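Student: What would the 3D arrangement of this be:
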Amino acid sequence: MRVGFALVPLLGIVYLAVYQTADQVYVDHHFHEFAIAVAILLSGFVAYVTWRCYRYSGEPFLHWVAQGLTGFTVVYLPHGALTSMADHNMTLFLLFGPASRIVMAGCLFIGLLRWGWPHDPPARRGSSASFWRGIVVFLVVDALVAVIAYSPAAAHSIARLSMEGGALLLSITGILVILWRRIDTPLMWLYTIALAAFAQSSVAFLLAHAWDHQWWLAHLVFAAGFFVLSYGVIQAFHTTRAFSTVYSQTEMMRQLEEANVRLAELAATDPLTGVANRRHFLAHFTEELARRERSGESLALLVMDIDHFKQVNDRHGHAAGDVTLVAFAGRTRELLRPADLMGRIGGEEFCVLLPGVGREQAALVASRIREAMDNHPVSTSGAVLSVTVSIGVAEFGTDGESIESLMRTADERLYRAKAEGRNRVVS
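Tutor: Residues are numbered from 1 along each chain as shown. Predicted coordinates:
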């Protein structure tokens with residue numbers, strides 16, 4: 001769809017190339033002067049906005065975009081000012097157009113080559129020396145164009161064709177650079193469309209003669225690309241003032257939603273083990289109890305405690321203790337269903353909610369968890385540890401109908417498991 005949209009001007013260019021006749025011309029000096037004046041004011045304004053963005057962000061890419069827009073403004077200005085010369089020196093009138101386009105295309109291409117470079121330091125971006133050096137260079141280009149227009153080379157169209165062809169080649173190469181480097185930031189596809197419009201306008205200018213319909217269409221296509229580029233720059237100014245980090249409103253909302261999801265996950269998750277933290281587990285427990293009261297389905301609770309965990313910390317260090325907690329949480333979650341919820345309630349104490357499961361089935365799940373720990377020692381950086389777990393089981397309805405009663409019953413059975421020798425399940 002993007003390619004189709006970018007190549008829409010080509011339809012008009014091909015149509016006029018096939019069907020336009022030599023007598024189809026529209027000569028209007030005043031309209032041309034007005035159109036060029038508008039283009040100059042717009043390009044000068046957008047060049048200023050781009051320069052402001054560069055001074056804020058320091059992106060080398062934006063520096064060259066600003067230079068390109070400034071160069072277009074300075075070099076294109078004589079093209080409008082010398083409209084009246086079209087009847088006396090057509091070459092002088094025409095040459096400033098392709099000269100302005102190749103200057104801008106060259107700067108935009110250099111900017112692409114600097115995409116992703118480290119941002120310029122504040123001292124460099126705050127200096128206006130490079131801006132004024134660019135103005136001097138562009139004025140020299142104006143002088144060279146005037147010299148060529150009054151030289152014997154003016155009798156040949158090679159100067160205009162070479163500059164227009166150069167602008168075409170630079171624009172196409174810029175598109176290829178974007179595709180090759182896979183630059184797919186939110187505004188770079190607009191930048192690509194602008195380059196496509198500039199390339200197609202150069203094609204139209206190469207096919208056109210002064211004042212014919214193809215010539216006017218070439219101006220219109222170039223203006224369309226310029227408006228697209230201007231829109232991207234102004235979007236940058238109104239948001240982050242950096243072209244590489246600008247987002248559309250849709251993109252910003254999507255990222256905000258993703259950030260909210262991540263924040264919600266962080267607020268509900270134990271940072272070490274990745275299971276639910278105490279607050280989230282109890283909130284989910286409350287919701288499950290309310291659901292079971294309405295549906296009458298079974299609900300079981302496991303309360304689990306790693307045996308002799310204090311000794312692990314004392315003998316092997318807290319790092320080994322953390323590895324043990326992570327290993328236990330990981331092995332337990334592998335044995336649970338997606339509907340089950342595991343939470344870390346205290347230091348080495350964990351709980352599991354088993355929706356739709358009765359006490360006998362819950363005891364089987366608890367036994368699998370106990371066996372998984374008993375049969376698979378935990379490897380730490382300093383030792384291989386034999387880690388066991390004691391588990392108490394309670395069922396909604398039979399053992400209580402509130403969080404407090406279910407937790408109390410499961411805790412009592414957990415303590416019985418501890419008292420009876422640990423590494424066991426009491427249900």
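
Student: Okay, now the unreliable bits of this protein?
Tutor: Flagging of the chain using pLDDT under 70 yields the residue ranges 155, 244-252.

Student: in it, which helix has the most residues?
Tutor: helix 29-57 (DSSP state H).

Student: CA atoms only for the helix or strand following it, dumped as PDB, please.
Tutor: Downstream of helix 29-57, the next assigned helix or strand under DSSP states H and E is helix 60-81. The C-alpha coordinates for helix 60-81 follow below in PDB (Å, rounded to 0.1, in the frame of the first residue of the first chain):
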ATOM      1  CA  PRO A  60      23.200  14.700  12.700                       C
ATOM      2  CA  PHE A  61      20.400  13.500  10.400                       C
ATOM      3  CA  LEU A  62      18.300  16.600  11.300                       C
ATOM      4  CA  HIS A  63      21.300  18.900  10.800                       C
ATOM      5  CA  TRP A  64      21.600  17.800   7.200                       C
ATOM      6  CA  VAL A  65      17.800  17.900   6.600                       C
ATOM      7  CA  ALA A  66      17.900  21.500   7.800                       C
ATOM      8  CA  GLN A  67      20.800  22.200   5.500                       C
ATOM      9  CA  GLY A  68      19.000  20.700   2.600                       C
ATOM     10  CA  LEU A  69      15.900  22.700   3.200                       C
ATOM     11  CA  THR A  70      17.900  25.900   3.600                       C
ATOM     12  CA  GLY A  71      19.900  25.100   0.400                       C
ATOM     13  CA  PHE A  72      16.700  24.600  -1.500                       C
ATOM     14  CA  THR A  73      15.300  27.900  -0.300                       C
ATOM     15  CA  VAL A  74      18.500  29.900  -1.200                       C
ATOM     16  CA  VAL A  75      19.000  28.300  -4.600                       C
ATOM     17  CA  TYR A  76      15.400  28.200  -5.600                       C
ATOM     18  CA  LEU A  77      14.800  31.800  -4.800                       C
ATOM     19  CA  PRO A  78      16.300  33.100  -8.100                       C
ATOM     20  CA  HIS A  79      14.100  30.700 -10.100                       C
ATOM     21  CA  GLY A  80      11.100  32.700  -9.000                       C
ATOM     22  CA  ALA A  81      12.700  36.100  -9.000                       C
END
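
Student: list the helices and strands whatever helix or strand comes next after helix 60-81 packs on?
Tutor: Using DSSP H and E, the helix or strand that follows helix 60-81 in sequence is helix 90-113. The elements that helix 90-113 packs onto, with contact taken as 3 or more Cβ pairs under 8 Å, 6 or more residues apart in numbering; DSSP states H and E, are helix 60-81, helix 129-149, helix 158-180, helix 188-207. (C-beta placed from N, C-alpha, C; glycine too.)

Student: With distance to residue 48 and mean neighbour count added, can I get the ones you listed in a markdown table?
Tutor: Output for the helices and strands packed on helix 90-113, formatted as a markdown table (distance: least, Cβ to Cβ, whole Å; neighbours: other Cβ atoms under 10 Å):
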| stretch | distance to residue 48 | mean neighbour count |
| --- | --- | --- |
| helix 60-81 | 8 | 24 |
| helix 129-149 | 10 | 15 |
| helix 158-180 | 23 | 18 |
| helix 188-207 | 18 | 23 |
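
Student: Dump these to CSV, plus distance to residue 270.
Tutor: Listed next are these as CSV, based on distance: least, Cβ to Cβ, whole Å:
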stretch, distance to residue 270
helix 60-81, 43
helix 129-149, 53
helix 158-180, 44
helix 188-207, 40
